[in-house]
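Asker: Predicted model follows, preceded by the sequence.
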Amino acid sequence: MPVPRSTMAGPTETNDAPLTAPGATRAMEAVLERVLDARLRQAHDTDAVFTHDMAERVAAFVRRGGKRLRTAFVWCGWRAAGGAGDTGAVLRTGAALELLQACALVHDDVMDGSPLRRGGPAMHVDFARGHRAEGAGGSPEAFGTSAAVLAGDLALAWADDLLTETALASPYGARLHDEWRAMRTEMVAGQYRDLRAQASGASGAEEALTIAVLKSARYTVVRPLTLGASLAGADARTLGALRAAGRCAGLAFQLRDDLLGAFGDPALTGKPADEDLRSRKLTPLLAVAVRLAETGGDEDAAAVLAPDADARPGHTVERMRAALERTGARAEVESRIADLAAAGLRHFEASGAAPAVRREFADLVRRAAGVAPQQAQELV
């Protein structure tokens, strides 16, 4: 099956000169733009209303961007495994991950009832506002939820199409697709375990860790690294080292995200800072705090952090933040982030990656994990 002309390699994708991880990310943005333009043309050929209402919204959401870390990790995995020359498949794989990320975020916001994403209204909120502005019949909220689910599905379809085209054009396409298929299943498993934990009122550290690994660590770092390595025909030893590195770095990333979810500035994160606390979402941070409160005999902290605690108005969130500080949970999680980041770099070195690639991976881990400057010096 030939790859459609709209997504075939262009001049920026076939440059044989060595790229850096930031350079690969910039080049991926150009690929992503061409892919989105092609998908919008195809959507318009299908239906003009669908294109205006949904496809353009999805494209705009993807273009609003994010950290674009996954593309950089794909590049690191590719280079660690000896990848060189034509970067086309690497960049298209990164673009496919950005489309998949759009699907994950849109669906996650629906399930969590999140009002904001990437500094703007979440997709379901935006659809509901449009419904209300048009004076359409029925519930704006129900319409917004249903439309957002479809929007996420559309982003997933675009991601799968692009990855399939890339795999068909690669000599290592079967291995690439195996990694992609496993990652999609892990994402759904992690999201379901998250929902199930919320419904059951789970508060255990093991459950929180399982969710963090499935929902974030593997999807954010492990699979991007092995997707890139697969494109270079990596051997089992290299893949094993990259999986270990990705698990540590991915967990460090998730723990940082948990801290930002409790203490971050919405102006910088683009999402509410108290959402996880109000919903008492099971995170490793919350699980650590519950354990420390119980072992330390802090009954007030244990009560305010309990999954079945009354969500009374007033100072509930402020009391939870104080409990996270007082029990030492925030400090313990900060320490774990530094340890995991350092372990991730040690595992990555075991992959046999060249020193320049190891340095770039270290820079990415610092960005993802938010390691403080004094700690960063220890990770070189």
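Answerer: It's in. Numbers count the residues shown, from 1 in each chain.

Asker: Assess the claim that residue 306 and residue 290 are in contact.
Answerer: Yes - using C-beta atoms under 8 Å, residue 306 is in contact with residue 290, at 7.2 Å. Placement of C-beta: from N, CA and C, glycine included.

Asker: Give the residue from the two that has the larger number of neighbours.
Answerer: Legend: neighbour count by other C-beta atoms under 10 Å for residue 306 and residue 290, higher for residue 290 (23 against 15).

Asker: how far away is residue 258 from residue 192?
Answerer: Distance from residue 258 to residue 192, counting by C-beta to C-beta, to the nearest Å: 19 Å.

Asker: neighbour count winner among those two?
Answerer: residue 258 (26 against 14).

Asker: Pull out the buried residues from the helix or strand containing that one.
Answerer: Assigned by DSSP states H and E, residue 258 belongs to helix 236-263. By neighbour count on 16 or more other C-beta atoms under 10 Å, the buried set for helix 236-263 is 238-239, 241-262.

Asker: In contact with the closest residue to residue 21 other than its chain neighbours, which residues?
Answerer: Of all residues not flanking residue 21 in the chain, residue 72 sits nearest, at 4.1 Å (C-beta to C-beta, 6 or more residues apart in numbering). Taking C-beta atoms under 8 Å, 6 or more residues apart in numbering, we find residue 72 in contact with 21, 22, 24, 25, 360, 364.

Asker: nearest spatial neighbour of residue 316, skipping sequence neighbours?
Answerer: Residue 316 sits nearest to residue 304 (C-beta to C-beta, 6+ apart), 7.1 Å away.

Asker: Tell me which helix or strand the one you found sits in.
Answerer: Judged by DSSP H and E, residue 304 forms part of helix 299-305.

Asker: and the angle for the following helix or strand past that helix with helix 236-263?
Answerer: Remark: after helix 299-305, the chain's next helix or strand is helix 316-326, criterion DSSP H and E. In terms of direction (axes from the mean of the first three to the mean of the last three C-alpha atoms, to 10 degrees), helix 316-326 departs from helix 236-263 by 130 degrees.

Asker: Need the contact partners of helix 316-326.
Answerer: 262-263, 274, 277-278, 285, 289, 293, 298, 300-301, 304-305, 329-330.

Asker: Please pick the buried ones from those residues.
Answerer: Buried by 16+ other C-beta under 10 Å: 262, 274, 277, 285, 289, 293, 298, 301, 304, 305, 329, 330, out of these.

Asker: Could I get those in CSV, plus columns for pLDDT and distance to residue 54?
Answerer: Shown next, in CSV, are the buried ones among the contacts of helix 316-326 (pLDDT from 0 to 100; distance: C-beta to C-beta, whole Å):
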residue, pLDDT, distance to residue 54
262, 85, 34
274, 70, 31
277, 79, 33
285, 91, 36
289, 91, 41
293, 91, 46
298, 88, 49
301, 87, 45
304, 86, 42
305, 85, 40
329, 93, 41
330, 93, 41
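
Asker: Looking at the residues you listed, which is nearest residue 80?
Answerer: residue 285 (30.4 Å; C-beta to C-beta).

Asker: Pull up the gap between the closest one and residue 259, please.
Answerer: 6 Å.

Asker: next one: residue 47
Answerer: From residue 47 to residue 259 the distance is 44 Å (C-beta to C-beta).

Asker: Same question for residue 149.
Answerer: In this view, residue 149 and residue 259 are 30 Å apart by C-beta to C-beta.

Asker: and residue 136, how many neighbours does it have?
Answerer: 11.

Asker: what's the answer for residue 356, then?
Answerer: When neighbours are counted by other C-beta under 10 Å, residue 356 registers 11.

Asker: is it true that it lies in a helix?
Answerer: Yes - according to DSSP: H, G, I helix; E, B strand; the rest coil, residue 356 belongs to a helix.

Asker: From the contact counts, what lies against the helix or strand that contains residue 29?
Answerer: Counting by DSSP H and E, the element that carries residue 29 is helix 21-46. Helices and strands touching helix 21-46, as assessed by 3 or more C-beta pairs under 8 Å, 6 or more residues apart in numbering; DSSP states H and E, comprise helix 56-63, helix 69-80, helix 88-112, helix 140-168, helix 355-369.

Asker: got a list of contacts for stretch 196-203?
Answerer: Against stretch 196-203 from outside (C-beta under 8 Å, 6+ apart): 207-208, 211, 279-282, 286-287, 290, 306-308.

Asker: which one is the spatially most central residue of the chain nearest to, not counting chain neighbours?
Answerer: Geometric centre of the chain, nearest residue: residue 220, 4.9 Å, by C-alpha atoms, centre = their mean. Spatial nearest neighbour of residue 220, excluding adjacent residues (C-beta to C-beta, 6+ apart): residue 250 at 5.0 Å.

Asker: so where's the protein shaky on pLDDT?
Answerer: Along the chain, segments meeting pLDDT under 70 span 1-18, 267-273, 308-315, 372-380.

Asker: isn't residue 55 right up against residue 47?
Answerer: No - between residue 55 and residue 47 there is no contact under C-beta under 8 Å: 9.1 Å.

Asker: quick one: which of the two has more around it?
Answerer: Ranked by neighbour count (other C-beta under 10 Å), residue 55 and residue 47 place residue 55 first, with 23 against 12.

Asker: residues near the closest residue to that one other than its chain neighbours, how many?
Answerer: Nearest non-adjacent residue to residue 55, counting by C-beta to C-beta, 6+ apart: residue 43, 3.8 Å away. As a burial measure, residue 43 scores 20 neighbours (other C-beta under 10 Å).
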